[in-house]
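Student: Please work out how this folds:
(one chain, ligands or ions: 2)
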Amino acid sequence: MHAAPLVALVGNPNAGKSALFNALTGARQKVGNYPGVTVERHAGRFVLDDGRPVELVDLPGAYSLEPSSPDERVTRDVVTGAGDYERLPDALLVVVDAANLDNHLRFAMQLIALGLPVVVALNMVDLAERDGLTLDAGVLARELGVPVIPTVAVRKRGLDELRAALTGAVGGGGVKLLRPSDGSIDDDIVTLQRRARALSAAATVSETAGRRWSHALDAVALHPVLGPLLLLALLFVMFQAVFSWSEAPVGWIENGFAAIEGRVAGAMPDGWLRSLLTDGVIAGVGAVVVFLPQILILFFFILILEQTGYMVRAAFLMDRLMAHVGLSGRAFIPLLSSFACAVPGIMSTRTIEDEKDRLTTILIAPLMTCSARLPVYTIVIGAFIPATKVGGVIGLQGLVLFGLYVMGILGAFVAALVLRRTVTKGESSGFMMEMPKYQWPRLADVVLGLRSRAAVFLKRAGTTIALTTIVLWALLSFPQAPKDGGVSQVDYSIAGRIANGLEVAVRPIGFNRDIALALIPAMAAREVAVAAIGTVYAIDDTESGRGQGAMIRQLQSRWTLPTALAFLMWFVFAPQCISTIAVTRRETNGWKWPLFMVGYLFAAAYVMAGITYWLALAAGL
Ligand SMILES: Nc1nc2c(ncn2[C@@H]2O[C@H](COP(=O)(O)OP(=O)(O)OP(=O)(O)O)[C@@H](O)[C@H]2O)c(=O)[nH]1
Ligand SMILES: [Mg+2]
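Tutor: Residues are numbered from 1 along each chain as shown. Ligands and ions are numbered 1, 2, ... in the order given. The predicted structure follows:
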């Protein structure tokens, strides 16, 4: 049996390859309105008109066949059949952005010159029309010598025609492909560019000045003074929203868990199994799941920034600042993605050309406040920072949260500055990124993005987090303390004894036994810190009731303000996540850099938490 024909999706970054891949295969690859969304090869399947299945691979965007960064290398290797990829594609589906034709045609012409059967998707014709641009696909097809199909990937327009053209291209339909008459594979870049421009002019039927409002938006978004103010305002609204919008849904989730716990407790006799289910699993998982609304609000904002095309503007604004600390402008998007999670953030550093630039970005990515820290931050802020308004409008809790994010960013900048002068010394490169077109965010995409985030989070809560809390519950519950022995169950347990030992090391920075106890399971996932503390208090004090309210009261009675502040500072810096360490090992091909990263971050966490604690004490807090 023959393997299914292989078709590769290629084109410039942000042309809509992944959107087209999703439309054809029904997959849900990430799309986003900025270059460099896809950094790996992804495969899927669809069926041609004649019933043959086809394997389609989505590739990272590239500007040419001479790769300048690790992600572009993947694309070059696949289309030339080099590297580790098993076979040459049977056809290329080249995606070009209709509204950016002359730039995208240059790479398309290089690809056509490779000699493989090609179908061109003239994508985003809707945006071209919006900008008052009408193109003649027939002219393009004649000049390029390959089928050119107008498409709107996100509305699934042009897919039937595309499938028909691909059916011909992979051999079944007997369509004879014409080759371009000249040998453009050997053309130099200037000749190519000139041809691309001429071709795009020939295919342009009419063009009106429709981009005026986009220029007007950029005049504000990229303005040297207004631009940063707008960025700051946007970030600020985002952090306020994390607190103020989440109140009601957090209440619903809590009531839900309380109801489940009540049912379970009522249906079971008192004993270790009931304690495992209520104090361990339900209390622990519940303590984490209540943060779902806040995480979704954060992602809602990130998705909107990604889809509107604002993100690259923000990167542009930050470029000067980034250059000062020795980072490349390209580092902005990996760092911004790390606000969601450092793992995809570190993977997206593959778009950075320079080895040292890339390494520096990887090493500082864990300092961006990932969403797993949000539960830890919000519960401690909720307990120790009063919900008052500063100046009548700005919520103090949101302000402190914002401050913690800023702390992480400042820490990252300082780290970059130091690293670039020592271990990753080198020149930094300038900003080179196309501005994507402004687009309205599509509701369906936002919903899809939020759904997948919710799924990831709930899966973690149901697996890693549940498992860790069960282990922790067991270590906290055994051996059982003698009744009336004057020693608390937590102190008597295995976990308590370990924590009492560890406490010696963390006492100088203001941490108590409960915190020492939470730090180790938090290595599996940061949110577990909250679950762990929840479990400790549930076992220690069975009378105290449940839910965030009870936990906040426990924190207030057992921790001092300096301890709470030191704890927050620890979480800004500490490298507490095994997945991040693992992905760093993979992306840097060895243990050297992940170990270095863990070492410097733990040292920074310890020192910064200590400084915070002592300063707070000195200030009389
Ligand atoms: N209006 C409109 N938007 C589109 C169309 N195709 C894609 N988009 C949007 O354009 C942006 C880029 O799409 P992607 O599919 O991520 O682009 P890509 O080519 O995979 O980009 P990289 O992975 O970065 O190389 C996303 O915001 C899409 O929603 C289209 O035909 N019309
Ligand atoms: Mg993509």
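Student: contacts and neighbour counts: CA atoms only from here.
Tutor: Fine.
Student: For the stretch 1-150 of the chain, which residues are neighbours of ligand 1?
Tutor: Selection of the stretch 1-150 of the chain residues close to ligand 1 by Cα under 6 Å from any ligand atom yields 13-19, 31-38, 60-61, 123-124, 126-127.
Student: Could you list which of those residues belong to helices?
Tutor: Judged by DSSP state H, these include 17-19, 126-127 as members of helices.
Student: Using CSV, lay out the residues you listed together with distance to ligand 2.
Tutor: Below are those laid out as CSV (distance: Cα to the ion, whole Å):
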residue, distance to ligand 2
17, 5
18, 4
19, 7
126, 19
127, 18
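Student: By neighbours, which of these wins?
Tutor: Using other Cα atoms under 10 Å as the neighbour criterion, residue 17 leads those with 31 neighbours.
Student: after the helix or strand encompassing residue 92, next one along is what?
Tutor: Per DSSP states H and E: residue 92 is located in strand 91-97. Downstream of strand 91-97, the next assigned helix or strand under DSSP H and E is helix 101-112.
Student: where do the helices sit along the stretch 501-621 of the chain?
Tutor: Counting by DSSP state H, counting those that start in this stretch, the stretch 501-621 of the chain has helices at residues 513-519, 528-540, 547-558, 561-573, 578-588, 592-618.
Student: hang on, the earlier thing: tell me the neighbouring strands of the strand holding residue 92, and mark each as parallel or antiparallel.
Tutor: The pairing partners recorded for strand 91-97 under DSSP bridges are strand 6-11 (parallel), strand 118-123 (parallel).
Student: Now these in CSV, please, with extra columns for mean neighbour count.
Tutor: As requested, those are exported to CSV (neighbours: other Cα atoms under 10 Å):
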stretch, mean neighbour count
strand 6-11, 26
strand 118-123, 28
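Student: nearest to residue 347, of the ones you listed?
Tutor: For the strands paired with strand 91-97, the distance to residue 347 is smallest for strand 6-11, at 19.9 Å, taking Cα to Cα.
Student: tilt between that closest one and helix 101-112?
Tutor: Going by axes from the mean of the first three to the mean of the last three Cα atoms, to 10 degrees, strand 6-11 is angled at 150 degrees with respect to helix 101-112.
Student: Please put the alpha-carbon coordinates of strand 6-11 into CSV.
Tutor: What follows is strand 6-11, C-alpha atoms only, in CSV (Å, rounded to 0.1, in the frame of the first residue of the first chain):
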residue,chain,number,x,y,z
LEU,A,6,2.2,14.5,1.5
VAL,A,7,1.3,18.1,1.0
ALA,A,8,3.2,20.9,2.9
LEU,A,9,1.7,24.3,3.8
VAL,A,10,4.3,26.9,3.2
GLY,A,11,4.5,30.7,3.1
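Student: On the pLDDT front, check the residue in the stretch 251-400 of the chain positioned nearest to ligand 2 for me.
Tutor: Ligand 2 sits closest to residue 348 of the stretch 251-400 of the chain, with a gap of 11.7 Å, by Cα to the ion. As predicted, residue 348 sits at a pLDDT of 87.
Student: And it, how close does it get to residue 475?
Tutor: Distance of residue 348 to residue 475, given as Cα to Cα, to the nearest Å: 39 Å.
Student: What of residue 446?
Tutor: 42 Å.
Student: and what of residue 499?
Tutor: Per Cα to Cα, residue 499 is found 11 Å from residue 475.
Student: Neighbour count for the two, which is higher?
Tutor: Just comparing residue 499 and residue 475: by other Cα under 10 Å the higher neighbour count belongs to residue 499, 22 against 17.
Student: what's the closest non-adjacent residue to that one?
Tutor: Once flanking residues are discounted, residue 499 sits nearest to residue 517: 4.9 Å by Cα to Cα, 6 or more residues apart in numbering.
Student: The one you found: neighbouring residues, count only.
Tutor: Neighbours of residue 517 (other Cα under 10 Å): 25.
Student: Next up, the contacts around the closest residue in space to residue 567 that isn't next to it in sequence.
Tutor: Nearest residue to residue 567 in three dimensions, chain neighbours excluded: residue 609, at 6.6 Å (Cα to Cα, 6+ apart). Counting by Cα atoms under 8 Å, 6 or more residues apart in numbering, residue 609 touches 509, 565-570.
Student: try 6 Å
Tutor: 509, 566, 569-570 (Cα atoms under 6 Å, 6 or more residues apart in numbering).
Student: so residue 287 makes contact with residue 533?
Tutor: No - using Cα atoms under 6 Å as the test, residue 287 is too far from residue 533 to be in contact (9.4 Å).
Student: Neighbour count for these two, which is higher?
Tutor: Neighbours were counted for residue 287 and for residue 533 using other Cα under 10 Å; residue 287 has more, 29 against 21.
Student: quick one: the helix or strand where that one lies to chain centroid distance?
Tutor: Using DSSP H and E, residue 287 sits in helix 283-289. Mean C-alpha position of helix 283-289 versus that of the full chain (Cα atoms, centre = their mean, to the nearest Å) differs by 23 Å.
Student: Mean pLDDT per helix and strand in this structure: which one sits at the bottom?
Tutor: Here the helix or strand of the chain ranked lowest by mean pLDDT, DSSP states H and E is strand 204-207, holding a mean of 78.
Student: For the stretch 151-300 of the chain, which residues are neighbours of ligand 1?
Tutor: Near ligand 1, when you scan the stretch 151-300 of the chain using Cα under 6 Å from any ligand atom, you find 151-154.
Student: can you do 8 Å?
Tutor: The stretch 151-300 of the chain has residues 151-155, 157 near ligand 1, with proximity defined as Cα under 8 Å from any ligand atom.
Student: Counting neighbours, what do you get for residue 212?
Tutor: 10.
Student: Show the model's pLDDT score for it.
Tutor: Reported pLDDT at residue 212 in the predicted model: 71.
Student: try the one 4 residues further on
Tutor: Taken from the predicted model, the pLDDT recorded for residue 216 is 85.
Student: Go through the contacts of residue 609 and name the one nearest residue 541.
Tutor: Distances from residue 541 to these, taken as Cα to Cα, are shortest for residue 566 (24.7 Å).
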